[in-house]
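K.L.:
Provided below are the primary sequence and the corresponding predicted coordinates.
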Amino acid sequence: MLPTLLIVEDERATREGLRSALEEDFDVYTAAGKSEALAILKSEPIKVMLTDLRLGGDSGMDLLDAALALPEPPVAIMMTAYGSVDTAVEAMRRGAWHFVTKPLNLDEVEMLLKRALRNRALETENQQLVQQVKKSHKLDRLIGKSAAIKRVSELVQQVAPTRATVLIEGESGTGKEVVAHTLHHLSGRPAAKLVIVHCAALSPQLLESELFGHEKGAFTGAAQRRIGRFEQADGGTLFLDEIGEIDASTQVKLLRVLSERTLERVGSNVPIKVDVRVVAATNKHLKELVARGVFREDLYFRLNVVKIEMPPLRDRREDIVLLANDFLREFAKENERPVKPLSDAALQLLLAYSWPGNVRELRTAIEHGVVMCNDSVIEARHLPQFLDFQGVAAAAPEADSLVSAKMALAAPAEFNLHALETNTIRAALSLAGGNRTHAADLLGVSRRTLQRKLKELGI
């Protein structure tokens, strides 16, 4: 894959001459002015920019400032027919890597461009080695002590260093993207890139262009060549979120890339080799989509080399407190507040809830609690209203305790042991969303004991 070069020059003849001279060694983009150049810089992974100091009515210095302010700035080399020590110093002071004067010596320009790329590669490698040390404990993001999350951690450690394609299945909010990040950071490719595509957010045509790129003029609105996400992720990892949403045509192209490790941009028949490790995720069961005929079986087998199933939070309740405490620290730091503990009543509310939105929903609840609490401890009243189980909290507004709420909900009109027992068990089942194992935990009895009581009381 050739390194990308953007040439910004208002004189057409010079611009096209540079393109012809350099396109053998670079994937060349061209622009005549600042706005056109910035549009390309924001949409394409440009490695190096060669720009004139004067661009008609625009200033090359202004373009330099804007380009270097981007999240992934290019290496910038300035060129001008009005060179002087002062302008050279000013350009370097603003962050330009080098400065050349016209008339240009093409051999010198080509040498400078290649040196600039080598220099940037060394800087990037240095930074990534430092980051690699920091990321050595990335498994820490898979927080929990439950057997379910331990199985996920063990599987991640086993497959991360390999090239195997991984399919992550699980409900929304269970942490599929966290697993994808962890797989990438433990992959042993320190200089690699993780590229993320949310497949459900794009129409079929846009998704095809996003994944595979397109040539200039491939369709209406394709004013410039576009590098796709597969090419951007070359040497690294491509994370395809919500893979179950892609259409039949894109499935065929994706199958070819996974099978042959080559792709063709939209509007081109030239094969491009890519070295990409694919991690896909879905909140659906792809096997069921295959059975219904909406997902290709051969693509399913290509994606399902290793499957990681993310457990819902309701099946790993022993992890709720650990996750909640981690989110407490995160949001306290983010909002510049001291870390405040959760009260027993607040913890009981968290443990009692069924968490249909899983870890993402728990994260939202903790952020709400951190923001709303002005006391020294986060109480149940500081948590969001969706944790108010069928009006339990409203039944005892004066009590900041789940025990009091239970008593208020369970209290019979008369003190009758049978009625008291029946109402208490019904309250626990209501709090547990019908989950008998969780209801037994709330009542402090075994599931077998609860089953026996349900049978005895006719519940």
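P.N.:
Sure thing, it's come through.

K.L.:
Which per-residue confidence value corresponds to the nearest residue to E169 once chain neighbours are set aside?
P.N.:
The shortest distance from E169 to any non-neighbouring residue, by CB to CB, 6 or more residues apart in numbering, is to E309 (5.3 Å). Yep, even glycine has a C-beta here, placed from its N, CA and C like the rest. Reading off the confidence values, E309 has pLDDT 97.

K.L.:
Do you know the pLDDT at the closest residue in space to V339 that isn't next to it in sequence?
P.N.:
Nearest residue to V339, sequence neighbours excluded (CB to CB, 6+ apart): A332, at 4.4 Å. At A332, the model reports a pLDDT of 93.

K.L.:
Which parts of the protein belong to which domain?
P.N.:
The chain breaks down by automatic domain parsing into domains covering 4-131, 142-311, 317-457.

K.L.:
so what's the residue nearest to the spatial centre of the chain closest to, chain neighbours aside?
P.N.:
Nearest to the mean C-alpha position of the chain, by CA atoms, centre = their mean, lies E177 at 5.4 Å. In space, E177 comes closest to D241 once its chain neighbours are excluded; the distance is 6.6 Å by CB to CB, 6+ apart.

K.L.:
show me the contacts for the one you found.
P.N.:
Shown in contact with D241 (CB atoms under 8 Å, 6 or more residues apart in numbering): 176-177, 180, 196-200, 280-281.

K.L.:
cutoff 7 Å now
P.N.:
By CB atoms under 7 Å, 6 or more residues apart in numbering, the residues touching D241 are 177, 196-199, 281.

K.L.:
Pick the one among those closest to L263.
P.N.:
When these are ranked by distance to L263 (CB to CB), V197 comes first, at 13.7 Å.

K.L.:
The closest one: how many residues sit nearby?
P.N.:
Neighbour count of V197, defined by other CB atoms under 10 Å: 22.

K.L.:
before we move on, the earlier item: host element of the residue nearest to the centre of the chain?
P.N.:
Per DSSP states H and E: E177 is located in helix 176-185.

K.L.:
Next secondary structure element downstream of that helix?
P.N.:
strand 194-198.

K.L.:
How much space separates G221 from S35?
P.N.:
Using CB to CB, to the nearest Å, G221 is found at 17 Å from S35.

K.L.:
So for those two, which sits in the more crowded spot?
P.N.:
S35 (11 against 8).

K.L.:
Could I get the phi/psi values of the residue lying closest to the more buried one once chain neighbours are set aside?
P.N.:
Nearest residue to S35 in three dimensions, chain neighbours excluded: D58, at 7.9 Å (CB to CB, 6+ apart). Per-residue torsions, D58: phi -100, psi 160 (degrees, to the nearest 10).

K.L.:
is it true that D58 touches A32?
P.N.:
No - with contact defined as CB atoms under 7 Å, D58 does not reach A32; the gap is 9.3 Å.

K.L.:
shared neighbours of these two, anything?
P.N.:
By CB under 7 Å, 6+ apart, no residue touches both D58 and A32.

K.L.:
Per-residue pLDDT of the residue nearest to E177, please?
P.N.:
96.

K.L.:
what is it paired to in the beta sheet?
P.N.:
Beta-bridge pairing for D241 (DSSP bridges): H198, A281.

K.L.:
So S268 lies in a helix, does it not?
P.N.:
No - with DSSP: H, G, I helix; E, B strand; the rest coil as the criterion, S268 is coil rather than part of a helix.

K.L.:
Tell me who's in contact with the residue nearest to it when sequence neighbours are not counted.
P.N.:
Leaving aside its sequence neighbours, S268 sits nearest to E215 (CB to CB, 6+ apart; 4.8 Å). Going by CB under 7 Å, 6+ apart, E215 touches 225, 265-268.

K.L.:
Just name the lowest-scoring one in these, pLDDT-wise.
P.N.:
R225 (87).

K.L.:
Please report how far it lies from V274.
P.N.:
16 Å.

K.L.:
ok so, going back, pLDDT at the residue nearest to S268, what is it?
P.N.:
Confidence for E215, expressed as pLDDT, is 91.

K.L.:
Do a quick rundown of the strands in the stretch 251-400 of the chain.
P.N.:
262-263, 272-273, 277-282, 306-309 (DSSP state E, counting those that start in this stretch).

K.L.:
Grab the nearest non-local neighbour of Q224.
P.N.:
Using CB to CB, 6+ apart, the closest residue to Q224 is K216 (5.7 Å).

K.L.:
What is the neighbour count of that neighbour?
P.N.:
A total of 11 residues lie near K216 under the criterion other CB under 10 Å.

K.L.:
That one and R225 touch, don't they?
P.N.:
Yes - counting by CB under 7 Å, K216 touches R225, with 5.0 Å between them.

K.L.:
and the residue nearest to S268, what are its phi and psi?
P.N.:
Torsion angles, degrees, to the nearest 10, at E215: phi -90, psi 160.

K.L.:
Next one: it from R225, what distance?
P.N.:
E215 is 6 Å from R225, where distance means CB to CB.

K.L.:
returning to what we had before: contacts for the helix holding E177?
P.N.:
Here helix 176-185 makes contact (CB under 7 Å, 6+ apart) with 135, 138-139, 141-142, 152, 156, 160, 166, 168, 170, 194, 237, 239, 241, 279, 281, 308, 310.

K.L.:
Give me the buried subset of these.
P.N.:
Using 16 or more other CB atoms under 10 Å as the burial test, the contacts of helix 176-185 include 135, 138-139, 142, 152, 156, 160, 166, 168, 170, 194, 237, 239, 241, 279, 281, 308, 310 as buried.

K.L.:
now do the same end-to-end measure for stretch 51-64.
P.N.:
8 Å (CA to CA, to the nearest Å).
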